[in-house]
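**Q** Here's a sequence, model it:
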Amino acid sequence: MSEATKISVKREREDEESEPKRAKGPSITDRLLNKRRATTEVTIDLDGEPVTLRFEAVSSHEMDALISRNPPTKEQRGRGMTYNPNTLNPELVSMCSVEPRLTKEETRDMWQSENWSAGELNQISDTVLSLCSEGFGSSFTKSD
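**A** Next comes the predicted model:
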């Protein structure tokens, strides 16, 4: 990667206002249970050529299983960590990758490459972690 590597992030969420109101059709419960997963795109400038990676959030069950498969080392546990980011992050990036589809081996190679800085890898993994753990991006109101 060149010194001028730039990474940008674009989030996408389904917007309630983008779909017409439904008088008939699936119930609210059905719609909630079948909502689309959140997606995001990361665009990386590779020597002047933009390359876009598209990611889709994993379910809470998939995330729990991933954390279980990647326990912290004794040292990491001593620092209060609940998982091993050195193994979890590349696996999560692989799981969430949609276009292009990245294998576990490819993402592990990225994490072990001399061409990727810690900051670049952290930006990608933080983006994907955020995608999988953030809320709806809208405020909730309490009614009495």
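
**Q** and Ser27, what does it touch?
**A** Contacts for Ser27 (CB atoms under 8 Å, 6 or more residues apart in numbering) come out as none. Where C-beta positions appear, they are placed from N, C-alpha and C, glycine not excepted.

**Q** where does it land on pLDDT?
**A** pLDDT, Ser27: 90.

**Q** May I have the phi/psi pair for it?
**A** Backbone torsions of Ser27, given as degrees, to the nearest 10, read phi -70, psi 170.

**Q** State which helix of the protein is the longest.
**A** Using DSSP state H, we find that the single longest helix of the chain is helix 118-133.

**Q** Measure how buried Ala118 is and give me the count.
**A** Using other CB atoms under 10 Å, Ala118 has 8 neighbouring residues.

**Q** Does Ala57 touch Ser97 like I think?
**A** No - applying CB atoms under 8 Å as the test, Ala57 and Ser97 come out as separate, 11.8 Å apart.

**Q** List the pairing partners of whatever helix or strand Thr52 lives in within its sheet, with orientation.
**A** Element membership for Thr52 (DSSP states H and E) is strand 49-56. If you go by DSSP bridges, strand 49-56 pairs up with strand 39-46 (antiparallel), strand 97-99 (antiparallel).

**Q** how far off helix 118-133 does the first one point, in degrees?
**A** Orientation note: strand 39-46 sits at an angle of 170 degrees relative to helix 118-133 (axes from the mean of the first three to the mean of the last three CA atoms, to 10 degrees).

**Q** CA-only coordinates of strand 39-46, as PDB, when you get a sec.
**A** Presented in PDB, the C-alpha positions along strand 39-46 are these (Å, rounded to 0.1, in the frame of the first residue of the first chain):
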ATOM      1  CA  THR A  39     -24.600  -3.100   5.600                       C
ATOM      2  CA  THR A  40     -21.700  -0.700   5.200                       C
ATOM      3  CA  GLU A  41     -19.000   0.000   2.600                       C
ATOM      4  CA  VAL A  42     -15.300   0.700   3.000                       C
ATOM      5  CA  THR A  43     -13.500   2.300   0.100                       C
ATOM      6  CA  ILE A  44      -9.700   2.000   0.100                       C
ATOM      7  CA  ASP A  45      -7.500   4.000  -2.200                       C
ATOM      8  CA  LEU A  46      -4.900   1.500  -3.500                       C
END
